[in-house]
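J.: Quick one, structure for this:
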Amino acid sequence: MRYRLNKAETAPVTIHNVAVTKSVGGREIVSYSNYIRLVPGKVYESDDEAMLGFFRAYRRKVRHTEALERNLRSNDVPYEIEYCKSCGGKVRKISYQVVEVYDE
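T.: Next up is the predicted model:
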């Protein structure tokens with residue numbers, strides 16, 4: 001399987017606590033103490049299902065701006081706008097998937 005940053009990202013992104021499978025004493029375990037730095041435009045390959053599953057579920061949630069929403073929309077990156085429940089919806093956040101996992 002291949003993965004890369006979504007097309008809207010223009011700077012390298014470091015993702016912490018990435019799940020990876022390690023072999024310890026002949027057993028496969030999942031470790032979360034790693035980090036990965038991904039560069040825009042570069043395609044990576046991996047067969048590690050724990051890491052690929054982590055990337056499929058990993059979403060960035062930041063404060064909403066019109067510029068960010070336009071950038072995500074123009075690059076066909078799916079996103080969701082979330083409203084703050086504790087303040088009655090005055091603060092908006094935008095949540096989107098940072099890493100695209102695909103098979104070619």
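J.: contacting residues for the nearest residue to F55 once chain neighbours are set aside?
T.: In this structure, F55 finds its nearest non-sequential neighbour in V99, 4.1 Å apart by CB to CB, 6 or more residues apart in numbering. To be clear about C-beta, it is placed using only N, CA and C from the backbone, and glycine gets the same treatment. The neighbours of V99, taking CB atoms under 8 Å, 6 or more residues apart in numbering as the test, are 3-6, 15, 38, 55-56, 58.
J.: Identify, from the residues you listed, the entry nearest to S46.
T.: Taking CB to CB as the measure, Y3 is the one of these closest to S46, at 6.8 Å.
J.: if we can go back for a sec, list only those of the contacts of V99 flagged as buried.
T.: Buried members of those, scored by 16 or more other CB atoms under 10 Å, are 3-6, 15, 38, 55.
J.: so which of those comes closest to E45?
T.: Looking across the buried ones among the contacts of V99 and measuring by CB to CB, the closest to E45 is Y3, at 7.9 Å.
J.: Please report how far the closest one lies from I15.
T.: 11 Å (CB to CB, to the nearest Å).
J.: how about the strands in the protein?
T.: 2-5, 13-24, 27-38, 44-45, 59-63, 79-83, 92-97, 99-102 (DSSP state E).
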